[in-house]
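J.: Curious how this folds, go ahead:
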Amino acid sequence: MITETTLLTHNGPLSYEAIGLLLNKMTTILDDYGMNITIKKKVYAAIVEGLENIYRHQDVVLDGDIIAHTPIFNLGIDSKNFTISAANSLLNAKVPNLKQRLDLVNSLDRTGLKELYKNTILHNAVNNRGGAGLGIINIAKVSENKIGFSFEKINDKYMLFSIDITICHQ
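T.: Alright, predicted model coming up:
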């Protein structure tokens with residue numbers, strides 16, 4: 001049995017300041033574990049994309065004046081892998097497009113991901129939330145693994161989107 005250790009966790013709304021603090025903590029942790037620069041860059045890139053996706057794309061679910069579902073982020077390590085897990089709420093209407101994109105990315109090999117990345121840069125304009133749809137592609141490229149994901153119903157209007165990213169450190 002492989003035991004995972006939680007290295008970094010965040011539960012609650014994200015700001016760019018909070019993202020910066022998490023990235024600084026992550027860098028210190030990876031230095032403490034003696035990870036080589038290639039692994040550090042992969043983990044850093046995946047975390048940046050994961051946190052920015054939460055920051056830019058979450059839809060806030062309110063219960064009265066209280067935020068009912070806040071984003072969750074975790075970085076863990078075991079003897080072979082880093083595991084990055086994140087979850088945030090989304091409007092149900094966003095789920096089909098996101099699921100289609102994740103399924104497409106997971107169906108591609110390394111060459112296919114490079115082509116999709118190139119085509120996305122050439123043909124997709126920046127959207128109103130500051131992205132061009134490259135985040136999921138970048139995560140798949142740097143992790144070199146399929147992206148785990150799920151959607152769980154919160155209510156008739158919202159879903160909880162969870163993503164799991166694995167990066168081998170051996």
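J.: the bottom helix or strand of this protein by mean pLDDT?
T.: Using mean pLDDT, DSSP states H and E, strand 66-67 stands out as the lowest-scoring helix or strand of the chain, at a mean of 67.
J.: tell me the contacts of Asp164?
T.: With contact set as Cβ atoms under 8 Å, 6 or more residues apart in numbering, Asp164 has these partners: Thr83, Ile84, Ser85, Ile147, Gly148, Phe149. All C-beta spots, glycine's among them, are computed from the backbone N, C-alpha and C.
J.: Quickly find the element holding it.
T.: strand 158-168 (DSSP states H and E).
J.: Can you list the buried residues in that strand?
T.: By neighbour count on 16 or more other Cβ atoms under 10 Å, the buried set for strand 158-168 is Tyr158, Met159, Leu160, Phe161, Ile163, Asp164, Ile165, Thr166, Ile167.
J.: longest helix of this structure?
T.: When the chain is parsed with DSSP state H, its longest helix is helix 37-57.
J.: Kindly export whichever strand or helix holds Lys118 (C-alpha atoms) in PDB.
T.: If you go by DSSP H and E, Lys118 is part of helix 110-123. Coordinates of each C-alpha in helix 110-123 appear next as PDB, following Å, rounded to 0.1, in the frame of the first residue of the first chain:
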ATOM      1  CA  ARG A 110       2.000  13.500 -26.700                       C
ATOM      2  CA  THR A 111       2.100  14.400 -30.400                       C
ATOM      3  CA  GLY A 112      -1.700  14.900 -30.500                       C
ATOM      4  CA  LEU A 113      -1.400  17.300 -27.400                       C
ATOM      5  CA  LYS A 114       1.300  19.300 -29.200                       C
ATOM      6  CA  GLU A 115      -1.000  19.600 -32.300                       C
ATOM      7  CA  LEU A 116      -4.000  20.600 -30.200                       C
ATOM      8  CA  TYR A 117      -1.900  23.200 -28.300                       C
ATOM      9  CA  LYS A 118      -0.700  24.700 -31.600                       C
ATOM     10  CA  ASN A 119      -4.100  24.700 -33.100                       C
ATOM     11  CA  THR A 120      -5.600  26.300 -30.000                       C
ATOM     12  CA  ILE A 121      -3.000  29.100 -30.000                       C
ATOM     13  CA  LEU A 122      -3.600  29.700 -33.700                       C
ATOM     14  CA  HIS A 123      -7.400  29.600 -33.800                       C
END
